[in-house]
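K.L.:
how would this look folded up:
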Amino acid sequence: MDTIHFLSEQHIFLFLIQIFVLLTVAKLLSGFFQKWGWPALVGEILCGVLLGPTILGRVFPSLYTQLFPADLIQQNMMETISWFGVLFLLLVTGFEVRLSSIWKQGKTAVTVGVVGVFIPILIGCIIFYGLPEKYWGAHSSQMIFILLMSTAAAISAIPVIAKILHDMEILKSDLGLTTLSAFVINDILGWLLFTVVLGLTVTGQQNHLVNPLRAIFEIILFGALCLTLGNKIVGRITKTLKKTSLPQTATILTFITCLAMVCGIITQWIGIHAILGFFLAGIMAGNTEEISERTREIISQMVHAIFVPIFFVSIGIKIDFVQNFDVFLVTIFTFVAIVGKFFGAWFGGVLSKMSKEDSISIGIAHIPGGAMEIIIGMMAFELKLISEHAFVAIVFAAISSSIAVGPLLAWSINRRQSVNIGHYLLKGAVEVNLKGTTKWEAIEELSDLVAEQMKDLDREKIVSAVMEREKTMGTSLEKGVAIPHARLESLQMPVIAFGRSRLGIDWDSRDGHLTRLIFLILTPAEDEGMQLQILAAVARYMSQPNVHVKMMGMNDTGKVYDALKHGLKFKNQKK
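P.N.:
Next up is the predicted model:
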């Protein structure tokens, strides 16, 4: 008869101390690194290194043993919370996926996404083929090892690049839209390949009589249903829930959690890991209009505040990074992960006939592996498919690429030609009292102003182009600002119009604030990066202290025009 294990008071007491210490140190370190523009995961991983066998275990071994004893029940408690971090991180990552953007971007997104995955995998298969068997896991084979390492090197991190594009105020630009759309292809292909390889490996280990081809067919069928009918079904259920008297945010959170659990159960039952189910659930929840951007942001903040830090810290607690740091393997994997992804996405941009500047920028944007690389490495390591040396190499590449992408992307944008953005603001297209109560009405009002000033532009074409772009990806920023924009075939030079709404308009912003300051931006169809500079200039000007209050306090149209024209001078120096 098996022994029944119960949680003791000591287990709970120590578990609470562990969580308190991990969260406190992780948040302090991640906050410090974020001030320097580095991703939070750097501080969270470093927290694990400090509190794990790498440092605390060496310097104060007795304290380390007391804080993280070898007791199986105690370890399982932490492991369970850590797994919640993995699963829910994939859920909120799915929020960033916009299926509509793929259809709108079409060939460009698909080309960059597919080529951006294929090339680093190809490079990885060639380079990793020559690695010695000592880097394999105990349950691995050469083929499995090569495929897992190549997939880890090829996958990019949507949360990292989305945060960087947001911080650089270019997330809502066409370059930002193309980048995120290509990332969707990258992540779907990468996670599908990884979960298939992982699922088939586990199936083989457990000697199940499951046909591998059937498992692949079933997961593709389930994924197709989720990405087509799934978001519509989720939208209808959410709409019904909103009509009830239940607390809305809490109810939607419960529904999304249950949706993720069901999808995870299905993918696990098929023979593919539950992480893909959580990712698909996130995509469905992120692509229904009934779930607001604010609600998704609240869920994301909750996950990143509690579960994600514990997951990353727990990695450092398990591994001795000094003992398992193999300079040769770290160098090789980091090279493939950074150079391979850059070259793949850059070449995809070239094939899509993107401008030279945009191709370089989108190549740089694809280099961060971030949490996605680490999750793949962690799961492969847990199943003994890769060695500790290989896992440490993956973690190092994920961190270094996430640190490097911000400065490199800023360099690629700042090297573009200097332009005076204020020159494109139309004097007769400034309205300090918009009458529209919806974003669609506001877009029509500003389009009317532009059409009145520029007789060669068709008003209906302006409205249609801007609304189509708005439906693809919302253009609201924080602090009550929106930047609806579009490209027009008949336009020869950029045009900017400005409108102010005193009552405020619901533009589905992340911070939940009503939008009061609206910039309508039109650029030529063959735009060589001008739109990117205009959006960045607007966002940076509006983020300055007291500018929002100043704009809301002015009632004279001429003064508003002068202030904007002066403030939008974008002093960008080509380097």
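
K.L.:
which stretches of this protein have low pLDDT?
P.N.:
1-6, 100-106, 199-213, 215, 271, 417-418, 527-529, 570-575 (pLDDT under 70).

K.L.:
in it, which spans are strands?
P.N.:
419-420, 425-431, 481-482, 485-488, 495-505, 515-524, 569-570 (DSSP state E).

K.L.:
thought Thr178 was touching Val112?
P.N.:
Yes. With contact defined as CB atoms under 8 Å, Thr178 counts as touching Val112 (7.1 Å). For glycine as for every other residue, the C-beta is placed from the backbone atoms N, C-alpha and C.

K.L.:
what's the overlap in contacts for these two?
P.N.:
Listed as contacting both Thr178 and Val112 by CB atoms under 8 Å, 6 or more residues apart in numbering are Ile362.

K.L.:
those two: who's more crowded?
P.N.:
Here Thr178 and Val112 are compared on neighbour count by other CB atoms under 10 Å; more neighbours surround Val112, at 33 against 24.

K.L.:
include mean neighbour count when you put the strands of the chain into JSON lines, please.
P.N.:
Below are the strands of the chain laid out as JSON lines (neighbours: other CB atoms under 10 Å):
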{"stretch": "strand 419-420", "mean neighbour count": "16"}
{"stretch": "strand 425-431", "mean neighbour count": "18"}
{"stretch": "strand 481-482", "mean neighbour count": "25"}
{"stretch": "strand 485-488", "mean neighbour count": "22"}
{"stretch": "strand 495-505", "mean neighbour count": "20"}
{"stretch": "strand 515-524", "mean neighbour count": "24"}
{"stretch": "strand 569-570", "mean neighbour count": "16"}
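
K.L.:
and those as CSV, adding distance to Ile161?
P.N.:
Formatted as CSV, the strands of the chain follow (distance: least, CB to CB, whole Å):
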stretch, distance to Ile161
strand 419-420, 25
strand 425-431, 30
strand 481-482, 22
strand 485-488, 20
strand 495-505, 27
strand 515-524, 22
strand 569-570, 23
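
K.L.:
for those, which one sits closest to Ile376?
P.N.:
Among the strands of the chain, strand 485-488 comes nearest to Ile376, with 36.0 Å by CB to CB.

K.L.:
show me the helices in the stretch 51-200 of the chain, by range?
P.N.:
Assigned by DSSP state H, counting those that start in this stretch, the helices in the stretch 51-200 of the chain fall at 56-59, 61-67, 72-95, 99-105, 107-128, 142-154, 158-167, 174-205.

K.L.:
of those helices, which stretch is the most buried?
P.N.:
helix 142-154 (a mean of 24; mean count of other CB atoms under 10 Å).

K.L.:
and the angle for that helix with helix 174-205?
P.N.:
For helix 142-154 against helix 174-205, the angle by axes from the mean of the first three to the mean of the last three CA atoms, to 10 degrees is 160 degrees.

K.L.:
could you name the helices and strands sitting against helix 142-154?
P.N.:
helix 107-128, helix 174-205, helix 341-351, helix 370-382, helix 388-414 (3 or more CB pairs under 8 Å, 6 or more residues apart in numbering; DSSP states H and E).

K.L.:
can you put the ones you listed in JSON lines and add distance to Ile144?
P.N.:
Putting the helices and strands packed on helix 142-154 into JSON lines (distance: least, CB to CB, whole Å) gives the following:
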{"stretch": "helix 107-128", "distance to Ile144": "11"}
{"stretch": "helix 174-205", "distance to Ile144": "6"}
{"stretch": "helix 341-351", "distance to Ile144": "22"}
{"stretch": "helix 370-382", "distance to Ile144": "9"}
{"stretch": "helix 388-414", "distance to Ile144": "12"}
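
K.L.:
which one of those helices lies closest to Gly52?
P.N.:
helix 388-414 (12.1 Å).

K.L.:
buried residues in the closest one?
P.N.:
388-403, 405-406, 408-410, 412-413 (16 or more other CB atoms under 10 Å).

K.L.:
likewise stretch 339-352?
P.N.:
Gly340, Lys341, Phe342, Phe343, Gly344, Ala345, Trp346, Phe347, Gly348, Gly349, Val350, Ser352.

K.L.:
enumerate every residue touching the closest residue to Ile299 other than its chain neighbours.
P.N.:
Nearest residue to Ile299, sequence neighbours excluded (CB to CB, 6 or more residues apart in numbering): Leu253, at 5.8 Å. Contact analysis of Leu253 by CB under 8 Å, 6+ apart lists Thr295, Ile298, Ile299, Met302.

K.L.:
tally of neighbours for the second one?
P.N.:
Ile298: 16 surrounding residues under other CB under 10 Å.

K.L.:
repeat for the first one
P.N.:
Each residue near Thr295 was counted by other CB under 10 Å, and the total is 19.

K.L.:
would you mind measuring from Val97 to Gly113?
P.N.:
When distance is defined by CB to CB, to the nearest Å, Val97 is 11 Å away from Gly113.

K.L.:
anything in contact with each of these two?
P.N.:
Val184.

K.L.:
picking up where we left off before, just the contacts of Leu253: which are in helices?
P.N.:
Secondary structure from DSSP state H places Thr295, Ile298, Ile299, Met302 of the contacts of Leu253 in helices.

K.L.:
contact partners for the third one?
P.N.:
Meaning Ile299. Taking CB under 8 Å, 6+ apart, one finds Val92, Phe95, Leu253, Ile256 in contact with Ile299.

K.L.:
ok, the second one touching Asn287?
P.N.:
This points to Phe95. No. Look at Phe95 against Asn287 with CB under 8 Å: they stay out of range, at 9.1 Å.

K.L.:
thinking again about what came up before, and the helices and strands packed on helix 142-154: which comes nearest Thr80?
P.N.:
Short answer: helix 370-382, nearest of the helices and strands packed on helix 142-154 by CB to CB, at 13.4 Å.

K.L.:
what angle do that closest one and helix 142-154 make?
P.N.:
Using the same axes, to 10 degrees: helix 370-382 against helix 142-154 is 160 degrees.

K.L.:
contacts for helix 370-382 next, please.
P.N.:
Residues contacting helix 370-382 (CB under 8 Å, 6+ apart): 39, 41, 45, 86, 89-90, 93, 137, 148, 151-153, 155-160, 187, 190, 194, 198, 273, 275, 308, 312, 315, 337, 386-388, 390-391, 394-395, 397-398, 401-402.

K.L.:
same thing with stretch 542-557?
P.N.:
169, 430-432, 477, 479-481, 500, 502, 516-517, 541, 560, 563, 567.

K.L.:
out of those, what pair is the most spread apart?
P.N.:
Glu169 and Arg502 (24.8 Å).

K.L.:
excluding its backbone neighbours, what's nearest Phe279?
P.N.:
Leu90 (4.4 Å).

K.L.:
wait, that neighbour touches Gly282, no?
P.N.:
Yes. Assessed by CB under 8 Å, Leu90 is found in contact with Gly282 at 6.6 Å.

K.L.:
about what we covered before: now for the contacts of Ile299: which two are most distant?
P.N.:
Phe95 and Leu253 (12.6 Å).

K.L.:
can you tell me the closest non-neighbouring residue to Cys125?
P.N.:
Here the residue nearest Cys125, using CB to CB, 6+ apart, is Ser150, at 5.1 Å.

K.L.:
the one you found contacts Tyr129, doesn't it?
P.N.:
No. Applying CB under 8 Å, one finds Ser150 not in contact with Tyr129, separated by 9.6 Å.

K.L.:
ok so, going back, so how far is Gly176 from the residue nearest to Cys125?
P.N.:
28 Å.

K.L.:
again, but for Asp320
P.N.:
40 Å.

K.L.:
with Gly504 instead?
P.N.:
For Gly504 relative to Gly176 (CB to CB), the value is 25 Å.

K.L.:
neighbours of the residue nearest to Ile298 when sequence neighbours are not counted, how many?
P.N.:
Nearest residue to Ile298 in three dimensions, chain neighbours excluded: Thr249, at 6.3 Å (CB to CB, 6+ apart). Counted by other CB under 10 Å, the residues lying close to Thr249 total 12.
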